[in-house]
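Chemist: following is a predicted model, sequence given first.
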Amino acid sequence: MTLILSRRALVTGAGAAATALLTGCDRLAEHESVRKALFTADNFHLWMQRAITDRNALAQEFSPDQMSPVFRANGTFNPNTEDYKALWRNGFADWRLKIDGLVDRPLSLSLAQLHAMPHREQITRHDCVEGWSAIGKWRGVPLAVLLHAARMRTTARYLVFHCADFGGGTDPYYESIDLVDAFHPQTILAYALNDRALPVQNGAPLRLRVERQLGYKQAKYLMRIEAVSDLASIFGGKGGYWEDVAGYQWYAGI
Ligand SMILES: Nc1nc2c(c(=O)[nH]1)N[C@H]1C(S)=C(S)[C@@H](COP(=O)(O)O)O[C@H]1N2
Ligand SMILES: [Mo]
């Protein structure tokens, strides 16, 4: 959630969060240099925004006893295309994750190669806009590891996730995130759910977990990650399947 406070709201003390933060930095602000740095009109807004909406903060993680007995599925339960069925039939041995676009070293990675890379495990809550949540345990490769391996260029600003399915209509499912989310420590490409290989209904063989975002950003059935400088030329131009077809917000931060 993005919270934008007007200068007036701050001065009149509206917003408990703002008040708490201001109290916390009273002592710091006694130093003339700190006050100058923080409280010039422009910097103050920047600082306030950072303080309230720290996008690098971690999403809550849960303990094993808090896990949902079943992690339900939503959207596509099986891409059901000839290409996907062929990949599924031999246990995804021929599946490859492509990483290309604005990178100096394009990659094509097998599931075995991904399994051999450093991984992270996290028990998090998935929140769908349709009104349900589930807590599940994910294991996968931090996206940051792959972006370094692919030597992403400095001109890249977004990562586009291309999926194997058509989200109900004729358009392929896709999603995108910016670099803050791409390098967030809990952003992983998950190949396991609840200690088992990722089931087909939850996105086999690989899906994105971007834990500070809502359910529709968690792209399943990953085929390709494309680094781009802007999103306007990708499909409908709004950065994601649901953004294009139903006007969902591109930034779905929670
Ligand atoms: N490729 C693809 N990814 C997708 C979807 C989809 O239909 N296709 N649905 C999205 C939505 S709306 C949600 S809530 C989650 C559901 O993930 P789950 O099936 O593992 O519960 O996946 C998201 N990612
Ligand atoms: Mo969703």
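Modeler: Looks like it arrived, so ask away. Numbering: from 1, shown residues only. Ligands and ions are numbered 1, 2, ... in the order given.

Chemist: how near is the nearest residue to residue 110 once chain neighbours are set aside to residue 107?
Modeler: Among residues not flanking residue 110 along the chain, residue 96 sits closest, at 6.1 Å (CB to CB, 6 or more residues apart in numbering). Heads up, the C-betas are built off the backbone N, CA and C, glycines and all. As judged by CB to CB, to the nearest Å, residue 96 and residue 107 stand 9 Å apart.

Chemist: if we can go back for a sec, the residue nearest to residue 110 contacts residue 109, doesn't it?
Modeler: Yes. Residue 96 is within contact range of residue 109, at 6.3 Å (criterion: CB atoms under 8 Å).

Chemist: okay, those two: which has more neighbours?
Modeler: Taking other CB atoms under 10 Å, residue 96 and residue 109 do not tie; residue 109 has more neighbours (20 against 15).

Chemist: tell me the pLDDT of whichever residue of the stretch 1-150 of the chain sits closest to ligand 2.
Modeler: The nearest approach of the stretch 1-150 of the chain to ligand 2 comes at residue 128, 3.4 Å away (CB to the ion). pLDDT recorded at residue 128 is 97.

Chemist: quick one, phi psi at the closest residue in space to it that isn't next to it in sequence?
Modeler: Nearest non-adjacent residue to residue 128, counting by CB to CB, 6+ apart: residue 215, 3.7 Å away. As for residue 215, its main-chain torsions (degrees, to the nearest 10) stand at phi -50, psi -40.

Chemist: try residue 193
Modeler: phi -130, psi 130.

Chemist: do I have it right that it meets residue 137?
Modeler: Yes. Counting by CB under 8 Å, residue 137 is a contact partner of residue 193 at 7.0 Å.

Chemist: spit out the contact partners of residue 189.
Modeler: Residue 189 makes contacts with 97, 114, 140-141, 143, 146, 206-209, 222, as judged by CB atoms under 8 Å, 6 or more residues apart in numbering.

Chemist: let me have these in CSV, extended by secondary structure.
Modeler: Converted to CSV, the contacts of residue 189 look like this (DSSP: H, G, I helix; E, B strand; the rest coil):
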residue, secondary structure
97, strand
114, helix
140, strand
141, strand
143, helix
146, helix
206, coil
207, strand
208, strand
209, strand
222, strand
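
Chemist: between these, which sits nearest residue 72?
Modeler: residue 207 (14.5 Å; CB to CB).

Chemist: tell me the bridge partners for that closest one.
Modeler: Following DSSP bridges, residue 207 is listed with bridge partners residue 190.

Chemist: any idea how far the residue in the stretch 101-250 of the chain positioned nearest to ligand 1 lies from residue 79?
Modeler: In the stretch 101-250 of the chain, the residue that lies nearest ligand 1 is residue 215 (2.8 Å; CB to the nearest ligand atom). As judged by CB to CB, residue 215 and residue 79 stand 18 Å apart.
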